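>>> Make a model of this:
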Amino acid sequence: MELADYLVRIFVLILFVSVECGRYEWMTYDHFDEMEGIYNSVDGDSCRAKSKPDMEMRDDLVTMIPRYNTLRSMTWYKNRTMLIHLHNMALNRAFFFSYIYQKLNETNVKVFQTQPNWMYMYFSVGADVNANPYGINASAIIFDFNCTYTNWFVSVPFNTTLQYFGPKAWRWEDYNDQDNFLREPTRKVAAIKDIGSGYNNNYTDPSYKMNNWYNKWMPDTVGDVDSLTKYTYNVGLKYSNTTGYFMTEDFQSFTFFGPPQPGQQEKDERMLPVTFTKPYFDCGVSDKWVVSATSPVVEFMPRYSNFTHLRRPRTVAVIVMDIDWDMIDFNSCPVSVGNPGPSYLSGISRCKPTTGCKHKSGYGFMRGGYVCVCRPGKRYPIYIDPPYQGDNIEQATDEEYENGFDCTTVDYRQVLPVVDTLEGTVIEGAGSGGIQFKRDTSHIRRTGFISRTLKSFNDTGEELKFRSFGPENKQPSRPRQYPPRRVKYVIRQPKPKPPKTPAQKLKLLSRKKRAFTYDYVAFEKMMKIFRQKAAVTASNCHQMSDATKSMPGSVAYGVNSQMESEGRTALRLAHFLSNFLQNTSPDENFGNLLGGGRLNIEHVFGEVIANVMGNYQIRSSGVFFDTNQFINPDESVREYFGPLAYKKDGGYYAIDTAGLPKSYVHEDWYMAVKSRWQSNTVQLKTFKLRPMIRSDPKGTSSIRFEHFPLSYKAPEYSDGYWTNPRFKCDGRVDEWVMTYVVPFFGLDGIRKRTKFQGVVTVDVPLGALEINQCPQPFHVANAFKNTARCDLESTKCKPQEGFKFMRGSYRCDCKEGYEYMHNDGKFWIEGSLVEIEYEKKMKGLFSRFDDLRCRISGGSTITYSLFLTLNFILVSLLHFIL
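Numbering: from 1, shown residues only. Sure, this is the predicted structure:
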């Protein structure tokens, strides 16, 4: 018994040491261990007994937070893509509800009944979650005290408000649902609850544990700073009630108040349209640590009053979008220019002094999200495939860490020569214009360096002397043993050349010094693409042919991943429309609770306007209903209905494309989607909602909705498609764009079969795409592949982020067994430098192109190894004995 107690104590001690100090002795306790302890101390069972401070974390754990006024001026990397999408979606919903409540703000019962009701808001937040399975994990619209004018309770009179109302949707873990036979989470189910109903429903109370988002915007009871915090937006609208004609030729201007619009240099968080909360535990709802993006909904309040002078734009609700905190990457590298602070988790990486730290995306709240790269002037061991991976370092034992993950010094480094460019100067090498220059260079070995004396001559023949690169030679150099040569001008005489055979032509296309994967033909195609893009403009596009205004689909390589956030914006709207059209009926009611009713044209106009205003990358967005599929609230049927919103000259416009002379149903992108989904909807996925509603207008309790759960058929992101790049010469966009098209579905006349009812589109600019010039297999449809000029014998190509649709957006890293030999403070070669030097070489100018490579690694000194010595002695003895 005593032995058992002793062993238990030893086990507990070992467990304590492992938790407090890491897996091995060399791993000391740091800030990550501190935050991990807080993270594990709260769960869904214990959170109710915790105080509010115990359910919050520091506000400097999440860094590089997107700010509205820096989205265009900063380079954002992959580890912040989801945060930017969260930011844009919160702003999207804030614009929509601000627009729709002010657009339908009339003292008319019929207009009041067309405002978004409870089902519209439930389906809206549900679509936010289901259309973004790995980004947005919760969505809510939460109204301030007595700011909800209800139009869905029969017993509630007109101009009466609810005290609290806040529909919130979050991802439901359905692995234990009875219809989930595989018992695996599908990420296709969202639970929805009105957090303003039931017990503990006063989310405006300071003691409410999960209302970090409330005090950022509400209560907005004083209008002293309305001119600063409420911005005036203007939208031009053009409606159509007859196919092929607009109701008016001019745009109808509509002005509404919305979220703030800060200046470029604005630092005050209160002036930003979207703010982020600190990490907090969402107790009783999703039961997870989350970070929320919040944005205000603005409306005229009081809405219906005879005393109009008392009305003012007021923040009546807040949009809240949540993301799981453990899914957000943190940068464990030390604070630097690329990792600005303050950051509590910075500096916990375990790179050695001879290496530098670089962030690695995709790890979330886990150790190992970094790589250790050799500092300039250092090299990897020849047996290492660089760089050192952070997760390997975090798993290393004491001995492995002590003897590995280090870099050695690179000796005999070189300095790339720099020659001033003078107008009219002809540098050494083959000239142009029919004149050949013979080169005179001296190569003198000086203290280990290959020094190069550069000479050049201008048009008058006067010699221009440039300094020799390399250390000073203290000993006099040996005189040359051959007579000096003078530069001669030799006039080339054209001579007739025999025709080349096919074998000779093929030989000319082969590479001598660069790897065989470089493709000259692909390079010429790439340059043609750049020229074509620059040649077509808004002023001359009407004179161009359709072929000139279109590019191959391979030009848009990478758009599926790089523009996924913009595509999911359209997918969210497709989910909402599919859910609404499949689960609402115009005459349906549930006792005191009214149903969803019909879609109003203003609803759809507001949705596409919000798509454009909420994301600066989206140039236009549209919803296009199929023939005779849109039914007005008065039961009349529209032949075509296709609201399209777009940006132009800094303004926002929206038109019903049914009024255009050419119908959208004849466009190739529309016909392609319709032909795919019109008669075959088997591959559509089933998504579900689990709605909990209030039992009465007072919100006494929360009960299940009569239809529980609700299900609907909708597409996934892969079911939509991106068109090839086209110049949209329509007088509205007038730009090279790529269009994402995704269908939405309703039910047939007897509400039994899923039916194609239209498409949702978004246009993104071609100039925002990052190209990939690196080598790729033959089956990859990339118009720019194999055009990088890296020396692939000694370097490997890697795309460089942050350079939009431009040549040279790659870098050349040294391969395993090679070292970076240049003394310039870097450890890679920029693709832009390689491209420039190659152009200079082709023009006969002085070029460093042939020096832009890595050299084979070599030991700088002879080292003594006890292990190798003993091994040699042992082998010798065995050989002698045997």
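
>>> Keeping just the C-alphas, turn stretch 100-113 into PDB.
The C-alpha coordinates for stretch 100-113 follow below in PDB (Å, rounded to 0.1, in the frame of the first residue of the first chain):
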ATOM      1  CA  ILE A 100     -33.800  48.300 -44.800                       C
ATOM      2  CA  TYR A 101     -35.100  49.800 -41.600                       C
ATOM      3  CA  GLN A 102     -34.700  53.400 -42.900                       C
ATOM      4  CA  LYS A 103     -35.900  52.400 -46.400                       C
ATOM      5  CA  LEU A 104     -39.200  50.900 -45.100                       C
ATOM      6  CA  ASN A 105     -39.600  53.500 -42.300                       C
ATOM      7  CA  GLU A 106     -43.100  54.700 -43.200                       C
ATOM      8  CA  THR A 107     -46.200  55.200 -41.000                       C
ATOM      9  CA  ASN A 108     -48.000  52.700 -43.100                       C
ATOM     10  CA  VAL A 109     -49.200  49.300 -41.800                       C
ATOM     11  CA  LYS A 110     -48.600  47.600 -45.100                       C
ATOM     12  CA  VAL A 111     -45.100  48.900 -45.400                       C
ATOM     13  CA  PHE A 112     -44.500  48.000 -41.700                       C
ATOM     14  CA  GLN A 113     -45.500  44.400 -42.400                       C
END
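
>>> pLDDT on it, on average?
Regarding stretch 100-113, the rounded mean pLDDT is 86.

>>> Then stretch 793-807?
The average pLDDT for stretch 793-807 rounds to 91.

>>> how long is that stretch end to end?
End-to-end span of stretch 793-807 (C-alpha to C-alpha, to the nearest Å): 22 Å.

>>> continuing past the strand or helix carrying Ser98, what's the next helix or strand?
Element membership for Ser98, per DSSP states H and E: helix 81-103. Next helix or strand after helix 81-103 toward the C-terminus (DSSP H and E): helix 109-113.

>>> re earlier: list the helices and strands the helix holding Ser98 packs on?
Other helices and strands packing on helix 81-103, by 3 or more C-beta pairs under 8 Å, 6 or more residues apart in numbering; DSSP states H and E, are helix 118-130, strand 138-143, strand 252-258, strand 289-301, strand 312-324, helix 564-583, helix 601-613. The C-beta positions use only the backbone N, C-alpha and C, and glycine is treated the same way.

>>> Quick check: next helix or strand after the longest one?
Think helix 564-583. strand 589-590.

>>> Can you tell me the strand partners of that following strand and which way each runs?
Next to strand 589-590 in the sheet, as set by DSSP bridges, lie strand 593-594 (antiparallel).

>>> Contacts for the partner strand, please.
Defining contact as C-beta atoms under 8 Å, 6 or more residues apart in numbering, one finds that strand 593-594 is touched by 117-118, 151-154, 693.

>>> Could you rerun that using 10 Å?
Contacting residues not belonging to strand 593-594 are listed as 113, 117-119, 150-155, 587-588, 693-697, 705-706 [C-beta atoms under 10 Å, 6 or more residues apart in numbering].

>>> Please convert the helices and strands packed on helix 81-103 to a markdown table, extending it with mean neighbour count, distance to Gln629 and mean pLDDT.
Shown next, in a markdown table, are those (neighbours: other C-beta atoms under 10 Å; distance: least, C-beta to C-beta, whole Å; pLDDT from 0 to 100):
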| stretch | mean neighbour count | distance to Gln629 | mean pLDDT |
| --- | --- | --- | --- |
| helix 118-130 | 26 | 18 | 95 |
| strand 138-143 | 26 | 27 | 95 |
| strand 252-258 | 16 | 25 | 94 |
| strand 289-301 | 25 | 30 | 92 |
| strand 312-324 | 25 | 30 | 93 |
| helix 564-583 | 24 | 9 | 96 |
| helix 601-613 | 24 | 12 | 96 |
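
>>> Can you lay out the ones you listed as TSV showing distance to Arg853?
As requested, the helices and strands packed on helix 81-103 are arranged in TSV below (distance: least, C-beta to C-beta, whole Å):
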stretch	distance to Arg853
helix 118-130	50
strand 138-143	51
strand 252-258	55
strand 289-301	45
strand 312-324	43
helix 564-583	36
helix 601-613	47
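
>>> and of those, who's closest to Ser539?
With C-beta to C-beta as the measure, helix 601-613 is the member of the helices and strands packed on helix 81-103 nearest Ser539 (23.6 Å).

>>> what's the angle from the closest one to helix 564-583?
On the basis of axes from the mean of the first three to the mean of the last three C-alpha atoms, to 10 degrees, helix 601-613 is oriented at 170 degrees to helix 564-583.

>>> so what does helix 601-613 touch, helix or strand wise?
helix 81-103, strand 231-238, strand 252-258, helix 564-583, strand 620-625, strand 643-648, strand 651-656, strand 754-765 (3 or more C-beta pairs under 10 Å, 6 or more residues apart in numbering; DSSP states H and E).

>>> can I get these in a markdown table with distance to Ser46?
Shown next, in a markdown table, are those (distance: least, C-beta to C-beta, whole Å):
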| stretch | distance to Ser46 |
| --- | --- |
| helix 81-103 | 28 |
| strand 231-238 | 43 |
| strand 252-258 | 41 |
| helix 564-583 | 34 |
| strand 620-625 | 44 |
| strand 643-648 | 47 |
| strand 651-656 | 48 |
| strand 754-765 | 43 |
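
>>> Gly595: which of these is closest?
Nearest to Gly595 among the helices and strands packed on helix 601-613 is helix 564-583 (9.3 Å), distances taken as C-beta to C-beta.

>>> how is this structure carved up into domains?
Domain assignment of the chain by automatic domain parsing yields the ranges 2-41+330-368+378-409, 68-327+558-767.

>>> closest one to Asp59 among the helices and strands packed on helix 81-103?
Relative to Asp59, the nearest member of these by C-beta to C-beta is strand 289-301, separated by 10.3 Å.

>>> helices or strands up against that closest one?
Partner elements for strand 289-301 (3+ C-beta pairs under 10 Å, 6+ apart): helix 81-103, strand 138-143, helix 226-229, strand 252-258, strand 275-276, strand 280-281, strand 312-324.

>>> and the nearest residue to Arg676 once chain neighbours are set aside, bridged to which residues?
Computed as C-beta to C-beta, 6 or more residues apart in numbering, the closest residue to Arg676 that is not its neighbour in sequence is Pro743, at 7.9 Å. Pro743 has these beta-bridge partners by DSSP bridges: Val759.

>>> and if you look at Arg726?
Under the criterion used (DSSP bridges), Arg726 bridges to Ser550, Val737.

>>> residues touching the residue nearest to Gly802 when sequence neighbours are not counted, list them.
Once flanking residues are discounted, Gly802 sits nearest to Thr75: 3.8 Å by C-beta to C-beta, 6+ apart. By C-beta under 10 Å, 6+ apart, the contact list for Thr75 reads 801-804.

>>> Help me confirm that Tyr344 comes into contact with Phe32.
Yes - with contact defined as C-beta atoms under 10 Å, Tyr344 counts as touching Phe32 (9.4 Å).

>>> what's the overlap in contacts for these two?
Phe330.

>>> just to revisit the earlier point, the helices and strands packed on strand 289-301 into CSV, with extra columns for distance to Leu71?
Compiled in CSV, the helices and strands packed on strand 289-301 are given as follows (distance: least, C-beta to C-beta, whole Å):
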stretch, distance to Leu71
helix 81-103, 7
strand 138-143, 21
helix 226-229, 20
strand 252-258, 17
strand 275-276, 14
strand 280-281, 25
strand 312-324, 16
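
>>> where are the low-confidence patches of the chain?
Where the chain drops to pLDDT under 70, the residues are 1-24, 308-309, 419-517, 859-882.

>>> Just give me the neighbour total for Val737.
Neighbourhood size, Val737 [other C-beta atoms under 10 Å]: 21.

>>> and if you look at Ala781?
Neighbours of Ala781 (other C-beta under 10 Å): 12.

>>> how close does it get to Glu299?
Using C-beta to C-beta, to the nearest Å, we find Ala781 at a distance of 48 Å from Glu299.
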